[in-house]
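[1] Provide a 3D model corresponding to the input given below.
(one chain, ligands or ions: 2)
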Amino acid sequence: MTADQLRLFFALPCPPPLASTICAWREREAPGGRPVDAANLHLTLAFLGAQPASCLAPLLSLAAQLPGEGCELRLDRLGRWRGGVLHLAPSRVPQALDELQRQLHARLSGAGFELERRAFRPHLTLARHYPQPPAGAAPTFDWPLRQFALFCSEYDGHGSRYRLLGQWPLRPATPTGRSAP
Ligand code: ATP
Ligand code: MG
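    Ligands and ions are numbered 1, 2, ... in the order given. Reported below is the predicted structural model:
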């Protein structure tokens with residue numbers, strides 16, 4: 001990465017009250033490893049990696065035009081991936097979240113950004129280098145998805161800090177069902 005490059009990613013930032021609740025649960029029920037700071041809890045939608053600062057204006061404009069819809073996300077699975085990534089995930093991925101990620105990836109690819117081709121596995125990382133499979137029962141956390149954001153990840157000598165570069169509301173969910181005659 002060169003001096004004029006930014007390490008960028010789009011994500012859903014975890015609302016601070018929910019982040020505090022999740023961290024309090026983690027300290028009680030799943031301490032260990034290298035915990036992610038409450039301020040850093042997020043769900044990644046698209047990782048862009050190192051990009052020149054000149055990409056910012058087009059990215060902000062692309063995000064502002066994204067027709068994303070809000071929804072309710074229930075995190076009710078607790079897992080650990082190889083390498084020790086302790087995370088929460090939903091057992092049911094809302095269609096609106098899948099659609100948001102799909103649209104974002106399609107537009108970013110269309111604009112020439114190279115993205116991971118792996119299947120989308122929405123999750124919130126709780127800790128890294130977590131030493132063993134989590135033992136206790138999975139908790140349930142309800143997260144109203146109302147906005148998404150573009151972050152720049154910066155290393156401050158201790159760990160990564162995410163600088164908010166832009167944030168956009170997700171429109172209210174379309175009511176389902178038919179209209180009354
Ligand atoms: P650290 O690397 O210091 O442990 P971090 O992983 O939170 O902290 P970044 O590496 O800058 O910070 O990553 C920012 C976000 O992008 C995180 O959600 C991370 O999981 C995700 N990410 C990082 N690298 C990739 C990658 N190669 N592909 C997909 N997502 C990635
Ligand atoms: Mg990382």
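[2] can you list contacts of stretch 2-12?
    Applying CB atoms under 8 Å, 6 or more residues apart in numbering, the contact partners of stretch 2-12 are 1, 42-53, 55-56, 59, 63, 104, 143, 145, 147-154, 162, 165. In short, each C-beta sits where N, CA and C put it, glycine included.
[3] Of all residues in the chain, which one is nearest the centre?
    For the chain, the residue nearest the mean C-alpha position is L43 (1.6 Å; CA atoms, centre = their mean).
[4] which secondary structure elements does the helix ranked longest in the chain contact?
    For the chain, the helix that runs over the most residues, judged by DSSP state H, is helix 95-110. For helix 95-110, the packing partners by 3 or more CB pairs under 8 Å, 6 or more residues apart in numbering; DSSP states H and E come out as strand 42-52, helix 56-64, strand 71-75.
[5] Using CSV, lay out those together with mean pLDDT and distance to P16.
    Below are those laid out as CSV (pLDDT from 0 to 100; distance: least, CB to CB, whole Å):
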stretch, mean pLDDT, distance to P16
strand 42-52, 98, 12
helix 56-64, 98, 22
strand 71-75, 98, 16
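[6] No more questions from me, cheers.
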